[in-house]
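In: I need the structure of the sequence given here:
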Amino acid sequence: QVQLAESGGGLVQTGGSLRLSCVASGRTFSDYAVRWFRQAPGKEREFVAGIIWSGVSTFYSSFAKDRFRISRDNAKNTVYLQMNSLKPEDTAVYYCNAGGEYNKENFPGNHWGQGTQVTVSS
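Out: Predicted structure coming up:
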């Protein structure tokens, strides 16, 4: 089992930046691909970005590929999501997910964090 804890969310103005962190504990973190998902009020959860266990390959949703960057530091058991040029439509709870395949937008792994709220004001 691996436990995940997100942090770094908050309130930011349009055009601003945030860096989310997902810290893992428990089983060896480097065994897992990690993905970020998000869910806005009244909307379905959607895939944001994924990174392979080694960090050498990444995959992004269409809305994230030009503005967000996912990375990981296995020595620190941490995955990051750098979000730039934020828009009001990026407002959502962002969740870290471990397991499954990093380049799949569906079929998340079994391990979820509690989420961190990102709010972008217009």
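In: Disregarding flanking residues, what is the spatial nearest neighbour of the residue nearest the centre of the chain?
Out: The centroid of the chain falls nearest to Trp36 when counting by CA atoms, centre = their mean (2.7 Å). Spatially, and ignoring its direct neighbours in sequence, Trp36 is nearest to Val48 (4.1 Å; CB to CB, 6 or more residues apart in numbering). Glycine gets a C-beta too; all of them are placed from N, C-alpha and C.
In: surely that neighbour meets Lys65?
Out: No. Contact criterion CB atoms under 8 Å: Val48 and Lys65 do not qualify, at 10.1 Å.
In: ok, these two, which is more surrounded?
Out: More crowded of Val48 and Lys65, by other CB atoms under 10 Å: Val48, with 24 against 12.
In: mind listing what the more buried one touches?
Out: Arg35, Trp36, Phe37, Arg38, Tyr60, Ser61, Ala64, Phe68, Leu81, Tyr94 (CB atoms under 8 Å, 6 or more residues apart in numbering).
In: swap the cut-off to 10 Å and go again
Out: 20, 35-38, 60-61, 63-64, 68, 70, 81, 83, 90, 92, 94-95, 97, 105 (CB atoms under 10 Å, 6 or more residues apart in numbering).
In: host element of it?
Out: Using DSSP states H and E, the element containing Val48 is strand 46-51.
In: Now that strand: buried residues?
Out: Phe47, Val48, Ala49, Gly50, Ile51 (16 or more other CB atoms under 10 Å).
In: Just give me the closest of those to Val120.
Out: Val120 lies nearest to Val48 out of these, by CB to CB, at 14.1 Å.
In: per-residue confidence for that closest one?
Out: With respect to pLDDT, Val48 scores 98.
In: any idea how far Gly26 is from it?
Out: 23 Å (CB to CB, to the nearest Å).
In: can you check Pro88 too?
Out: Distance from Pro88 to Gly26, by CB to CB: 36 Å.
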